[in-house]
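Engineer: no FASTA, just this:
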């Protein structure tokens with residue numbers, strides 16, 4: 001080997017030894033200094049309420065990498081107790097335990113010379129965070145301290161704190177409410193968070209485009225379950241993915257799950273009303289205005305897609321409703337009462353089955369209405385006064401398969417500015433076999449369709465929280481019904497009643513044999529306990545009854561006849577029982593004689 005190469009290699013080795021040796025010396029020399037700075041930084045930024053500890057702190061001055069294990073950030077009990085006495089203690093305390101923290105390239109020379117902490121990457125592994133909440137009284141006699149921004153607290157030590165990528169893996173979070181007599185906990189598990197371009201300096205504290213001082217934040221969680229306040233339902237969420245960079249929220253599965261069966265729901269809850277069972281395979285919200293949401297509590301989204309769902313609503317009328325008035329409680333009216341300002345441009349509900357079931361108190365049978373494979377488009381969902389001033393109408397367009405038998409198209413227009421909850425609804429049902437409706441008519445109306453060829457049914461209504469006015473155009477032929485309300489087991493009059501109804505009361509076709517078309521003109525006054533869905537269904541049904549010849553006057557007469565028939569049957573049974581008792585008595589006397 002030539003002498004020049006030997007000298008060059010020797011010089012290179014010496015330089016490496018000097019660099020690594022110097023790095024080792026500086027790392028060893030600067031470790032206590034950095035430790036002191038970290039402790040001072042934590043103490044200053046938290047007003048001495050928290051202390052920092054860790055098992056191992058290794059770093060290389062040469063590479064700018066650092067590694068911490070078993071990091072702990074805990075509140076100082078003595079300081080907190082003093083703050084409670086003065087009335088300055090915060091309502092929340094935080095306890096943080098972290099398995100490891102890896103720091104990549106923290107640029108030591110820049111930190112030393114310019115007091116700027118610039119880090120390429122921070123990775124936090126297996127952190128556990130406990131938030132302890134206690135509603136503490138405040139001391140009004142002490143003047144509140146001026147709140148400082150994070151930059152104002154850090155500026156004593158650093159001019160700038162910048163992290164390119166900050167990731168948190170497998171976070172377990174617990175919120176503990178100690179204000180209640182029995183402390184309650186809310187737990188979130190297996191959370192992953194990625195923060196991009198995190199910056200605290202003199203300018204970023206005023207940058208409204210940043211979210212918590214970052215240009216982008218991603219939040220992911222495998223699953224989450226919470227019980228509703230009345231303890232009747234669970235809310236289940238699966239695969240939650242939220243990104244401020246993409247301005248979207250994605251959930252793979254969303255459920256509102258009743259905690260009790262249909263049989264036990266009303267016994268446990270001890271109240272009337274509908275039981276809801278909802279499930280959707282996906283929820284995607286696009287165009288979220290994140291700064292507005294975080295800073296002003298205004299939720300503005302461009303588009304919401306909800307797909308592959310099922311909605312089941314069940315009502316048991318055996319449980320008497322309290323005399324509560326539903327006035328002012330329709331969905332578009334409740335929307336205006338939300339604490340948060342809401343503005344969603346469009347909401348698409350895709351491929352969803354909707355079912356309404358009701359157990360009749362009279363027949364003790366369950367009627368069922370279904371809307372299969374429904375697609376529903378909502379536009380202008382808002383309670384923002386400025387948006388309402390520009391466009392006060394929330395529209396809903398629905399395409400579905402009614403009773404899984406015929407295509408149904410409906411449109412709704414809700415006046416968000418109306419004081420009486422005004423709204424309109426129109427729709428058209430295509431041809432179907434009328435006997436399909438027996439699953440709802442027999443249990444809830446005590447009417448059975450023996451035959452009916454429904455050609456079309458169109459309706460158009462204007463309604464509000466008090467009443468509905470509109471028309472129903474019902475076109476059909478070969479209608480034959482059986483009036484179960486006039487029947488009693490074992491009574492031959494049932495056949496006569498149904499024959500009379502089909503011959504003289506019910507119109508067998510519309511238009512009639514003479515070509516006359518009978519529209520169903522409706523004025524329906526809303527019972528105070530009816531939900532908006534039941535109100536609309538009953539309004540349409542009133543028009544159907546008018547079209548087939550069962551006017552309100554005739555219906556009242558039929559009901560009176562039904563009651564009289566049942567009373568006569570009962571009188572006949574009682575008379576028969578008396579005669580039987582008399583005959584038995586006579587034979588007993590003969591036996592004794």
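Structural biologist: Here it is on my side, so go on. Because the structure is a prediction, the values reported are computed rather than measured.

Engineer: does residue 334 count as helix, strand or coil?
Structural biologist: helix (DSSP: H, G, I helix; E, B strand; the rest coil).

Engineer: should've said residue 440
Structural biologist: helix.

Engineer: which parts of the stretch 351-500 of the chain are strands?
Structural biologist: Applying DSSP state E, counting those that start in this stretch to the stretch 351-500 of the chain gives strands spanning 366-382, 393-402, 406-415, 423-429, 432-433, 447-463, 467-483.

Engineer: what residues sit buried inside the third one?
Structural biologist: Neighbour counts using 16 or more other Cβ atoms under 10 Å place 406, 408, 410, 412-415 of strand 406-415 among the buried residues. Glycine gets a C-beta too; all of them are placed from N, C-alpha and C.

Engineer: adding distance to residue 134 and pLDDT, write these out as JSON lines.
Structural biologist: Formatted as JSON lines, these follow (distance: Cβ to Cβ, whole Å; pLDDT from 0 to 100):
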{"residue": "406", "distance to residue 134": "60", "pLDDT": "96"}
{"residue": "408", "distance to residue 134": "55", "pLDDT": "97"}
{"residue": "410", "distance to residue 134": "51", "pLDDT": "96"}
{"residue": "412", "distance to residue 134": "47", "pLDDT": "97"}
{"residue": "413", "distance to residue 134": "49", "pLDDT": "97"}
{"residue": "414", "distance to residue 134": "43", "pLDDT": "97"}
{"residue": "415", "distance to residue 134": "46", "pLDDT": "97"}
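
Engineer: just the helices in this structure please.
Structural biologist: Assigned by DSSP state H, the helices in the chain fall at 3-45, 77-86, 108-114, 150-154, 262-269, 290-296, 331-335, 385-390, 438-445, 493-500, 532-547, 552-592.

Engineer: just to revisit the earlier point, which of the buried residues of strand 406-415 sits closest to residue 427?
Structural biologist: residue 410 (3.6 Å; Cβ to Cβ).

Engineer: which one is the closest one nearest to, not counting chain neighbours?
Structural biologist: Leaving aside its sequence neighbours, residue 410 sits nearest to residue 427 (Cβ to Cβ, 6 or more residues apart in numbering; 3.6 Å).

Engineer: residue 515: neighbouring residues, count only.
Structural biologist: 6 (other Cβ atoms under 10 Å).

Engineer: let me redo that: residue 200
Structural biologist: If you count neighbours by other Cβ under 10 Å, residue 200 ends up with 22.

Engineer: now swap in residue 399 and tell me
Structural biologist: Neighbours of residue 399 (other Cβ under 10 Å): 14.

Engineer: show the contacting residues for it.
Structural biologist: 374-376, 407-409 (Cβ atoms under 8 Å, 6 or more residues apart in numbering).

Engineer: among these, which one lies nearest to residue 365?
Structural biologist: residue 408 (24.3 Å).

Engineer: could you pull up the residues touching the closest one?
Structural biologist: Counted by Cβ under 8 Å, 6+ apart, residue 408 has contacts 371, 398-402, 427-430.

Engineer: run the last query once more with 6 Å
Structural biologist: Listed by Cβ atoms under 6 Å, 6 or more residues apart in numbering, the contact set of residue 408 reads 400, 402, 429.

Engineer: gap between the nearest residue in space to it that is not next to it in sequence and residue 478?
Structural biologist: Spatial nearest neighbour of residue 408, chain neighbours left out: residue 402 (4.0 Å); criterion: Cβ to Cβ, 6+ apart. Here the criterion is Cβ to Cβ, to the nearest Å. By it, residue 402 lies 20 Å from residue 478.

Engineer: neighbour count: the two, which is higher?
Structural biologist: residue 402 (22 against 12).

Engineer: beta-bridge partners for the more buried one, please?
Structural biologist: residue 371, residue 406 (DSSP bridges).

Engineer: okay, it: pLDDT?
Structural biologist: What the model reports for residue 402 is a pLDDT of 94.

Engineer: residues contacting the nearest residue to residue 394 once chain neighbours are set aside?
Structural biologist: Spatial nearest neighbour of residue 394, excluding adjacent residues (Cβ to Cβ, 6+ apart): residue 414 at 4.4 Å. Residues in contact with residue 414 (Cβ under 6 Å, 6+ apart) are 332, 394, 423.

Engineer: closest one of those residues to residue 194?
Structural biologist: residue 394 (36.3 Å).
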